[in-house]
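>>> please work out how this folds:
(one chain, ligands or ions: 2)
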Amino acid sequence: MRQTAFPKTFRVKSFGCQMNVYDGERMAELLADQGIAPAPEGEDADLVVLNTCHIREKAAEKVYSDIGRLVKAGGDKPPMIAVAGCVAQAEGEEIMTRAPAVGMVVGPQAYHRLPEMIARAARGERATDTDMPADAKFAALPARRRSAPSAFLTVQEGCDKFCTYCVVPYTRGAEISRPFGDLVSEAEKLVEAGAREITLLGQNVNAWQGEDDAGCSAGLDGLIRTLARIPDLQRIRYTTSHPNDVTDGLIAAHGEVDKLMPYLHLPVQSGSDRVLKAMNRSHTAESYLKLLDRFRAARPDIAISGDFIVGFPGETEAEFEDTLRLVDAVGYAHAFSFKYSPRPGTPAAGMDGQVPREVMDERLQRLQAAIARGQLAFNQASVGKRCTVLVDRRGKLPGQWLGKSPWLQSVFFKGEAAIGDLVEVELAEAGPNSLAGRLLQPAHA
Ligand code: 5AD
Ligand code: SF4
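Ligands and ions are numbered 1, 2, ... in the order given. Alright, predicted model coming up:
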């Protein structure tokens, strides 16, 4: 059944979070370095990497159905299949047993070893690697050579927080920070390769810590201040933050570093203190709101984004209403909301009071309506503002372009521009998910 020739073409399919997008790009660079070419759009690839996500729902089932589809589509010449990402980490052995079509299982901390695994798979040997060697991966990856205008840069991985619903501490392991010097040089390479904006990524990005070139200990704000000195880098963002790792320095940076965009993704998950405690979040709704006040004092126009879970075990109607109240109080510019999904091996999966699916569905709808109201209000309040837009793609209409405002809103406009330009736009009309802009000034030099 299995492909046993060395693959000539590959495709990486990434699911889930931005860190998987980053890992997917790095795997693609690594494979290209081995002389394997990206499969042209619409053509079958000899090697398919499924870069999976385990955070919610029946993630593993989805992987099996994807594998089934690939095998069927391949007919008598099925592709070499690698399962990567967090499902690989969590359920690697089971995948190997249940899916003989899979040649490789590789965890998120081991994908730098893909080349050896592919060579083995080409000899007909199956291989699993879910080791977690701290930091070895990045050193073994090839340098960055191409970049979109907006690039991701993983600075921190793993999580020590152990929220009771979450698999991340198990699939991504303990918190590690990549060294300062490596990050500065990767950022410089990304900028040389075309990046104008870099988003620093980490499961708890604001827990990043390191030593700067002078040997002084630095936090995320120190890293941001250093990266801001790269001349052609125009914008810096970071995600995802945890309320408990916010420092005075990070808040101050929002008022002092022009290149740091006025946007903060700070998940709260629930507006009920009892639920937050059961989630092991170790912050309250009030402490979260106070933190936002401090960010707003430093940068009054900062756009706030968050994550929410509805239907955590034991969540009552009144507790859910606390979440709705918090959403109205914050006025989110953007937020993600999810139905609680019991993850195998996490403490919450065994808690009493699992909430029925219909109740979760109904709560999710109400929460999403509240978030959408806030988002529309935020966009409407932006009308009339002049701002820069980083152009990232063509729009559907001729002469139309799409890009992002400093507040991460999607803005479309007509006129002369190109992908990667940073143009000056007046925001003219607001919808729930995007704004129409008027081009004031074409590209920055
Ligand atoms: N069920 C639902 N949502 C979850 N998240 C994490 N674990 C779960 C789960 N078991 C959500 C949280 C987190 C985001 C990345 O995913 O809101 O912030
Ligand atoms: Fe998961 Fe909580 Fe860590 Fe975020 S902080 S990755 S939700 S355990």
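>>> so which residues on the protein come close to ligand 1?
Taking C-beta under 6 Å from any ligand atom as the criterion, the neighbours of ligand 1 within the chain are 55-56, 165-166, 267, 269, 307, 309, 338, 340-341, 343. Any C-beta I mention is one placed from the backbone N, CA and C, and that applies to glycine too.
>>> now render the residues you listed as JSON lines, adding distance to Ala370, pLDDT and secondary structure.
Putting the residues of the chain next to ligand 1 into JSON lines (distance: C-beta to C-beta, whole Å; pLDDT from 0 to 100; DSSP: H, G, I helix; E, B strand; the rest coil) gives the following:
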{"residue": "Ile55", "distance to Ala370": "23", "pLDDT": "90", "secondary structure": "coil"}
{"residue": "Arg56", "distance to Ala370": "21", "pLDDT": "84", "secondary structure": "coil"}
{"residue": "Tyr165", "distance to Ala370": "21", "pLDDT": "97", "secondary structure": "coil"}
{"residue": "Cys166", "distance to Ala370": "23", "pLDDT": "96", "secondary structure": "coil"}
{"residue": "Pro267", "distance to Ala370": "16", "pLDDT": "98", "secondary structure": "coil"}
{"residue": "Gln269", "distance to Ala370": "15", "pLDDT": "98", "secondary structure": "strand"}
{"residue": "Asp307", "distance to Ala370": "14", "pLDDT": "98", "secondary structure": "strand"}
{"residue": "Ile309", "distance to Ala370": "15", "pLDDT": "98", "secondary structure": "strand"}
{"residue": "Phe338", "distance to Ala370": "15", "pLDDT": "95", "secondary structure": "strand"}
{"residue": "Tyr340", "distance to Ala370": "18", "pLDDT": "97", "secondary structure": "coil"}
{"residue": "Ser341", "distance to Ala370": "21", "pLDDT": "95", "secondary structure": "coil"}
{"residue": "Arg343", "distance to Ala370": "26", "pLDDT": "93", "secondary structure": "coil"}
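>>> return the closest of those with respect to Gly85.
Nearest to Gly85, judged by C-beta to C-beta, of the residues of the chain next to ligand 1 is Ile55 at 10.4 Å.
>>> now do the strands in the stretch 101-250 of the chain.
In chain order, the stretch 101-250 of the chain shows strands spanning 102-106, 127-129, 150-154, 156-157, 176-177, 197-201, 209-211, 217-219, 235-239, with DSSP state E, counting those that start in this stretch as the criterion.
>>> other SSEs contacting the first one?
Read it as strand 102-106. Counting contacts by 3 or more C-beta pairs under 8 Å, 6 or more residues apart in numbering; DSSP states H and E, strand 102-106 packs against strand 80-84, helix 85-98, helix 114-122, strand 127-129.
>>> run through who's touching the worst-scoring helix or strand of the chain on mean pLDDT.
For the chain, counting by mean pLDDT, DSSP states H and E, helix 136-140 ranks last in confidence among helices and strands (a mean of 86). Helix 136-140 has contacts (C-beta atoms under 8 Å, 6 or more residues apart in numbering) with 109-113, 178, 182.
>>> look up phi and psi at the nearest residue to Lys404 once chain neighbours are set aside.
Leaving out its chain neighbours, the residue that sits closest to Lys404 by C-beta to C-beta, 6 or more residues apart in numbering is Leu390, at 5.4 Å. Reported as degrees, to the nearest 10, the phi and psi values for Leu390 are phi -90, psi 110.
>>> what does the average pLDDT come to for the helix or strand in which Leu291 is found?
Secondary structure assigned from DSSP states H and E places Leu291 in helix 285-298. Confidence over helix 285-298 (mean pLDDT, whole number) is 98.
>>> likewise stretch 207-214?
For stretch 207-214, the per-residue pLDDT averages 94.
>>> any residue of that stretch touching ligand 2?
No: for stretch 207-214 and ligand 2, the contact criterion (C-beta under 6 Å from any ligand atom) is not met; the two come no nearer than 9.1 Å.
>>> buried ones in that stretch?
By neighbour count, with 16 or more other C-beta atoms under 10 Å as the criterion, the buried positions of stretch 207-214 are 207-210.
>>> go on, stretch 372-391?
Residues of stretch 372-391 classed as buried under the neighbour-count rule (16+ other C-beta under 10 Å) are 374-375, 378-379, 382, 385, 387-391.
>>> any chance of the residues you listed in JSON lines, with distance to Ser282 too?
Written out in JSON lines, the entries for the buried residues of stretch 372-391 read as follows (distance: C-beta to C-beta, whole Å):
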{"residue": "Gly374", "distance to Ser282": "26"}
{"residue": "Gln375", "distance to Ser282": "28"}
{"residue": "Phe378", "distance to Ser282": "28"}
{"residue": "Asn379", "distance to Ser282": "33"}
{"residue": "Ser382", "distance to Ser282": "34"}
{"residue": "Lys385", "distance to Ser282": "37"}
{"residue": "Cys387", "distance to Ser282": "36"}
{"residue": "Thr388", "distance to Ser282": "37"}
{"residue": "Val389", "distance to Ser282": "38"}
{"residue": "Leu390", "distance to Ser282": "36"}
{"residue": "Val391", "distance to Ser282": "41"}
